[in-house]
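Peer 1: I would like the atomic coordinates for the input below:
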Amino acid sequence: MLRVWGGGVYETDDFYELCDSLGIMVWQDFMFAGTVYPGDTAFIENVTQEVKEQVIRLRNHPCMALWCGNNEIDEAWHNWGWQKSLGYSVMDSTKLWNDYLHLFEEIIPRVVKEHDPRTDYVPSSPANGWGREKAYQQGDVHYWGVWWGDMPFEEYNVKIGRFVSEYGFQGMPDPKTIDSFTMPGDRNLDSEVMAAHQKHSRGKELIREYMERDYKVPEDFEDYIYVSQLLQARGIKTAIEAHRRARPYNMGTMYWQLNDCWPVTSWSGIDYNHRWKAMQYAVKMAYDRFLVSFVEDNDSLAIWVVSDCFIDRNTELRWQLMTFDGDTLKTGSTGFTLPAGSGVVAAQMALKDFAISKANRQQVVLKAGVWDKSDLLVDALYYFGKPKELILPEHSGIQLSVEPVSDGYLLT
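Peer 2: Model (predicted):
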């Protein structure tokens, strides 16, 4: 599913036709976001016509899954302190809120019901603010405890809503994209140009703060760009896996955001010049039909397997504990039934069963794969520590070759 955000634009017909052909569902916001709107007759008539035209234009596209009145206005009104910060009187507040209810809970749903009664409508997203417990029990939630709230990535494993329709973390764009809007002297974290291409008031500081928690912070600018992307991928991968493990309690997970409208450090997985960040590759794997996910809790490790298939499968989990030099320390396997559209703990093991001490757990990796007879469905790696804690071999002996092929490059 893709969400067309209320702070953007209505997409062209080509977009919806592509979504139809590719089987991509669309969550369509009307173009209202993050502010209050007038309630006078002229404005209401204008909005009524706008909504009518868009609903009639888009209603017959198979991709259309949901109409949404606005982005975050309900949450902002109740949780962002607008009344105090903007100096609204009781009379002002009463009028503005009544105008809001009239537009988003009367006018727009009436037009939608008249012209597209098959497609559901919600007045606003999210249903409840992420600081309220109710947000994780019903409706959708925009979870920003990670990033805005400074919470660690591990909090994604705890704050799981029924439908998490926004969550995100920033990563820098590709170096070639940065080259397109900078001169050589601008290519450092403290330059005015880089600051102009970062629109979050604490964006640069938050990326570094989170990076210090999990990674060794590089001094070289291009290395820093690379690690910022690894950091972004790590965070969003953690969230998606937590959401998928939680089904059927959680049945919706949409990260913020897919792409950019200009070259900038942002939450996107694809930068302005259509170059994939590390996050986009991580998201592609995390949303695959099958998923292997690891949950370490105190002295045990659970290996989860999630399936989006429509049939049950009799499968086998095979795991291998290896050193970073490639030496196998231990192996194991277990058969299990992988139910359709669900997730299961395929194996639960005590860390002591791996026979690794705390001293050397930063020098090994666990590889786990799910097999259906001779077919490998999915595999994944698990490291017993944060990236900055891993003790990597100085001389890996790995040799890399790149060979052009008809549809790209072959790396061996």
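Peer 1: only C-alpha atoms for contact and neighbour calcs from this point on.
Peer 2: Fine.
Peer 1: pretty sure Ser165 is in a strand, no?
Peer 2: Yes. Judged by DSSP: H, G, I helix; E, B strand; the rest coil, Ser165 forms part of a strand.
Peer 1: tell me where the model's unsure across the stretch 251-400 of the chain.
Peer 2: Applying pLDDT under 70 to the stretch 251-400 of the chain flags residues 396.
Peer 1: what confidence value was assigned to the residue lying closest to Met64 once chain neighbours are set aside?
Peer 2: In space, not counting the residues next to it along the chain, Met64 is nearest to Val26; the distance is 5.0 Å by Cα to Cα, 6 or more residues apart in numbering. Reading off the per-residue confidence, Val26 sits at a pLDDT of 98.
Peer 1: next, the distance between the ends of stretch 126-136.
Peer 2: Distance across stretch 126-136, first residue to last, is 11 Å (Cα to Cα, to the nearest Å).
Peer 1: distance from it to the middle of the chain?
Peer 2: Taking Cα atoms, centre = their mean, to the nearest Å, the mean C-alpha location of stretch 126-136 is offset from the chain mean by 18 Å.
Peer 1: what comes into contact with that stretch?
Peer 2: 71-72, 74-75, 79, 138-145, 159-162, 165 (Cα atoms under 8 Å, 6 or more residues apart in numbering).
Peer 1: any chance of the backbone angles for the residue nearest to Met64?
Peer 2: Backbone dihedrals for Val26, given as degrees, to the nearest 10, come out at phi -120, psi 130.
Peer 1: quick check: bridge partners of it?
Peer 2: With DSSP bridges as the criterion, Val26 is bridged to Leu2, Met64.
Peer 1: can you give me the neighbour number for it?
Peer 2: Here the count is done by other Cα atoms under 10 Å, and Val26 has 21 residues near it.
Peer 1: what's Phe294 in contact with, if anything?
Peer 2: Under the criterion of Cα under 8 Å, 6+ apart, the contact list for Phe294 reads Leu301, Ala302, Ile303, Trp304, Tyr382.
Peer 1: name the next helix or strand downstream of the helix ranked longest in the chain, please.
Peer 2: Among all segments of the chain classified by DSSP state H, the helix with the greatest residue count is helix 221-245. Beyond helix 221-245 in the direction of the C-terminus, DSSP states H and E gives the next helix or strand as helix 278-286.
Peer 1: list the buried ones in that next one?
Peer 2: Of the residues in helix 278-286, those with enough neighbours to count as buried (16 or more other Cα atoms under 10 Å) are Ala278, Met279, Gln280, Ala282, Val283, Ala286.
Peer 1: what packs against it?
Peer 2: Taking 3 or more Cα pairs under 8 Å, 6 or more residues apart in numbering; DSSP states H and E as contact, the helices and strands that helix 278-286 lies on are helix 221-245.
Peer 1: mind running it again at 10 Å?
Peer 2: Counting contacts by 3 or more Cα pairs under 10 Å, 6 or more residues apart in numbering; DSSP states H and E, the secondary-structure elements packed against helix 278-286 are helix 221-245, strand 290-297.
Peer 1: relative orientation of the longest helix of the chain and helix 278-286 in degrees?
Peer 2: With axes from the mean of the first three to the mean of the last three Cα atoms, to 10 degrees as the basis, helix 221-245 and helix 278-286 are set at 30 degrees to each other.
Peer 1: what residues of helix 221-245 count as buried?
Peer 2: Judged by neighbour count (16+ other Cα under 10 Å), helix 221-245 contains these buried residues: 224-245.
Peer 1: report the angle between the axes of that helix and strand 290-297?
Peer 2: Here helix 221-245 runs at an angle of 90 degrees relative to strand 290-297 (the same axes, to 10 degrees).
Peer 1: who are the packing partners of helix 221-245?
Peer 2: Using 3+ Cα pairs under 10 Å, 6+ apart as the contact criterion, the elements in contact with helix 221-245 are strand 163-166, helix 175-181, helix 203-214, helix 278-286, strand 290-297, strand 300-307, strand 342-350.
Peer 1: tabulate the ones you listed in TSV, adding columns for distance to Pro117.
Peer 2: Converted to TSV, the helices and strands packed on helix 221-245 look like this (distance: least, Cα to Cα, whole Å):
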stretch	distance to Pro117
strand 163-166	23
helix 175-181	44
helix 203-214	42
helix 278-286	34
strand 290-297	35
strand 300-307	33
strand 342-350	31
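Peer 1: what is the nearest of the contacts of Phe294 to Leu189?
Peer 2: The shortest approach to Leu189 among these belongs to Tyr382, at 31.7 Å (Cα to Cα).
Peer 1: sounds good, over and out.
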